[in-house]
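**Q** after the sequence you'll find the predicted model.
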Amino acid sequence: MSRILLGVAGGIAAYKACELLRRFSEGGHEVTVVPTRNALTFVGEATWAALSGRPVRTEVWSDVHEVPHVRLGQEADLVVVAPATADLLARAAGGRADDLLTNVLLTARCPVLMAPAMHTEMWRHPATVANVATLRERGTIVMDPADGRLTGADSGPGRLPDPDDIHQAASSLLGDDATVTGVRTRDLAGLKVVVSAGGTHEALDPVRFLGNASSGRQGLALARAAALRGGRVTLAAANVSEPTPSSVEVRRVVSTGDLGAVMREEARDADIVVMAAAPADFTPAASSQTKLKKQGDAGLTLELRQTMDVLATISSDHPRAGVIVGFAAETAESPEALLELGRAKLARKGCDLLVCNNVSGGAVFGAAGNAVTIIDRDRIVASATADKNVVAHRILDAALGVRARQHRPAAEKE
Ligand code: CTP
């Protein structure tokens, strides 16, 4: 259980913070809500108090004997501000302390995550751009707003990131220090990251397909994590039904053939590629244009042919992506056996890193957690048994490690 302080600034998106609060509370966290005066115009105190089960304060003048303006910030494990309006960003960047929330921001020593929401013009205004840069420089984690429909008829960047994205960002910040450092320093800024997620479908006829049980969650977590670290992310989503992150470009695909085409195109100028999807290895040799009918009592024999090995193809393509990461879902008897299978697969595929997980007993598909061993050609780079968000960050750390070695001057490589 962690102590989360949820700051809410005065924007119409304040109502979406109710969902976020519910998610935090359901996760067993103790949440204290500190709205600004203007936020209460959108969502009243009673709602916040009922949803959090705790008193709600806006000003530094209530319960002065408890010194809340200092204590709340000091005691929090994480501060999340959603929505963070242009005015709140300006006050935070200026170091103001004119209400309880800005006092909290000055006294907090834990990670501070801000989820902006405002009109596109305000987000792009040089004043806001400078305020965001100042806050990021100081270690505040300012998410990029989502692109889409805003209040009124206009649309563009400025929507509050999806509560799901804010929730997952918050979960990874509660994870460990290494993750917080990666997110704070935006160590993927300027890099193109391409992630594939989900499981492909190979059509048998217009209504039937061959598929697999991949939920796409690890790939989604990777895309979210890379975006949070400042990367420019493209997600190739194969039949993913869960919501996709709001700040990544999504290219939807169905079959392994589609996935291969999209990945080959996107990988060309990518700095990091992660093949987290589960492509079908076989596809019907011929797909029927009409629904296959039963033929009396006779069964059905399908002729299958192998699909493209996307990972092996992008690993041998020219130009090749900077760092290529593959996954190995294996059913192995022991960690040693898993590693052996992983090494052979890495060599076969020609990728730089392989994330090995043991799927014996269907332990991974659809689950929130994951247990992985990340290997390169010579050694184990990292192991993690954790929430898929934290695992995603460890995979990105490992990819950045390979990238750093690739870019080291020749003399140092000796
Ligand atoms: N992969 C791919 N194209 C395929 C099959 C798999 O790009 N047609 C990728 C997966 O996305 C994953 C890696 O290859 O990153 C390993 O997937 P896995 O299913 O473990 O390996 P397979 O190649 O299918 O090998 P095998 O089933 O023989 O172990």
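**A** Received the coordinates, thanks.
**Q** does residue 217 touch residue 243 like I think?
**A** No. Judged on C-beta atoms under 8 Å, residue 217 makes no contact with residue 243 at a distance of 11.2 Å. The C-beta positions use only the backbone N, C-alpha and C, and glycine is treated the same way.
**Q** which one of the two has more residues nearby?
**A** Higher neighbour count among residue 217 and residue 243: residue 217, with 22 against 11, using other C-beta atoms under 10 Å.
**Q** which of the three states applies to the residue in the stretch 51-200 of the chain positioned nearest to the ligand?
**A** As assessed by C-beta to the nearest ligand atom, the ligand sits closest to residue 196 within the stretch 51-200 of the chain, at 6.5 Å. The three-state label given to residue 196 by DSSP: H, G, I helix; E, B strand; the rest coil is strand.
**Q** any idea how many residues pack against it?
**A** So residue 196, with other C-beta under 10 Å, has 33 neighbours.
**Q** how close does it sit to residue 78?
**A** Distance, residue 196 to residue 78, using C-beta to C-beta, to the nearest Å: 30 Å.
**Q** same question for residue 110.
**A** Distance, residue 110 to residue 78, by C-beta to C-beta: 6 Å.
**Q** now do residue 376
**A** Taking C-beta to C-beta as the measure, residue 376 falls 33 Å from residue 78.
**Q** hang on, the earlier thing: out of residue 110 and residue 78, which sits in the busier spot?
**A** Of the pair residue 110 and residue 78, residue 78 is the one with more neighbours under other C-beta under 10 Å, namely 23 against 19.
**Q** quick check: closest non-adjacent residue to the more buried one.
**A** Distances taken as C-beta to C-beta, 6 or more residues apart in numbering put residue 4 closest to residue 78, at 5.1 Å, once the chain neighbours are dropped.
**Q** next one, pLDDT for residue 358 please.
**A** If you check residue 358, the pLDDT there is 77.
**Q** can you pull the contacts of it?
**A** 330, 331, 332, 335, 338, 364, 371 (C-beta atoms under 8 Å, 6 or more residues apart in numbering).
**Q** what about residue 55, how many neighbours?
**A** Residue 55: 13 neighbours (other C-beta under 10 Å).
**Q** shaky segments in this protein?
**A** 360-369, 411, 413-414 (pLDDT under 70).
**Q** quick check: residues of it near the ligand?
**A** 256, 275, 277, 279, 281, 307, 309-311, 326-329 (C-beta under 6 Å from any ligand atom).
**Q** swap in 5 Å and give it another go.
**A** By C-beta under 5 Å from any ligand atom, the part of the chain that sits against the ligand consists of 275, 277, 279, 281, 307, 309, 310, 311, 326, 327, 328, 329.
**Q** now, the most widely separated pair of the residues you listed?
**A** Using C-beta to C-beta, the residues of the chain next to the ligand reach their maximum pairwise distance at 307 and 328, which is 17.3 Å.
**Q** just the helices in the stretch 51-200 of the chain please.
**A** 68-75, 86-93, 100-107, 120-124, 126-137, 163-173, 177-184 (DSSP state H, counting those that start in this stretch).
**Q** present the ones you listed as TSV; the columns should include mean neighbour count.
**A** Converted to TSV, those look like this (neighbours: other C-beta atoms under 10 Å):
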stretch	mean neighbour count
helix 68-75	18
helix 86-93	22
helix 100-107	22
helix 120-124	16
helix 126-137	15
helix 163-173	23
helix 177-184	18
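**Q** need the ones you listed in CSV with distance to residue 144, can you?
**A** Formatted as CSV, these follow (distance: least, C-beta to C-beta, whole Å):
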stretch, distance to residue 144
helix 68-75, 25
helix 86-93, 13
helix 100-107, 20
helix 120-124, 9
helix 126-137, 9
helix 163-173, 10
helix 177-184, 12
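**Q** so residue 307 and residue 328 - more neighbours on which side?
**A** residue 328 (25 against 18).
**Q** my read: residue 33 touches residue 21, true?
**A** Yes. Using C-beta under 8 Å, residue 33 is in contact with residue 21, at 6.5 Å.
**Q** what do the two both touch?
**A** Common neighbours of residue 33 and residue 21 (C-beta under 8 Å, 6+ apart) are 6, 48, 51, 52.
**Q** return the set of buried residues in the helix or strand hosting the second one.
**A** Residue 48 is part of helix 45-52, with elements assigned from DSSP states H and E. Under the neighbour-count criterion of 16 or more other C-beta atoms under 10 Å, helix 45-52 has 47, 48, 51, 52 buried.
**Q** save the residues you listed as JSON lines, and put in distance to residue 264 too.
**A** JSON lines is the format used below for the buried residues of helix 45-52 (distance: C-beta to C-beta, whole Å):
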{"residue": "47", "distance to residue 264": "50"}
{"residue": "48", "distance to residue 264": "49"}
{"residue": "51", "distance to residue 264": "47"}
{"residue": "52", "distance to residue 264": "49"}
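**Q** would you point out the most distant pair within those residues?
**A** Of all pairs in the buried residues of helix 45-52, the most separated under C-beta to C-beta is 47 and 52 at 9.4 Å.
**Q** buried residues, stretch 137-144. List them.
**A** 140, 141, 142, 143, 144.
**Q** how far out from the middle of the chain is it?
**A** 16 Å (C-alpha atoms, centre = their mean, to the nearest Å).
**Q** for that stretch, list the C-alpha coordinates in PDB.
**A** This file holds the C-alpha atoms of stretch 137-144, laid out as PDB (Å, rounded to 0.1, in the frame of the first residue of the first chain):
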ATOM      1  CA  GLU A 137      14.400  19.700 -16.000                       C
ATOM      2  CA  ARG A 138      13.700  19.700 -12.200                       C
ATOM      3  CA  GLY A 139      12.600  16.100 -12.300                       C
ATOM      4  CA  THR A 140       8.800  16.500 -12.400                       C
ATOM      5  CA  ILE A 141       7.300  13.900 -14.800                       C
ATOM      6  CA  VAL A 142       5.100  15.800 -17.200                       C
ATOM      7  CA  MET A 143       3.200  13.400 -19.500                       C
ATOM      8  CA  ASP A 144       2.400  14.400 -23.000                       C
END
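**Q** which stretches of the stretch 201-350 of the chain form helices?
**A** Under DSSP H, counting those that start in this stretch, the stretch 201-350 of the chain gives helices at 217-228, 256-267, 310-316, 335-349.
**Q** so of the ones you listed, which one's packed in deepest?
**A** helix 217-228 (a mean of 28; mean count of other C-beta atoms under 10 Å).
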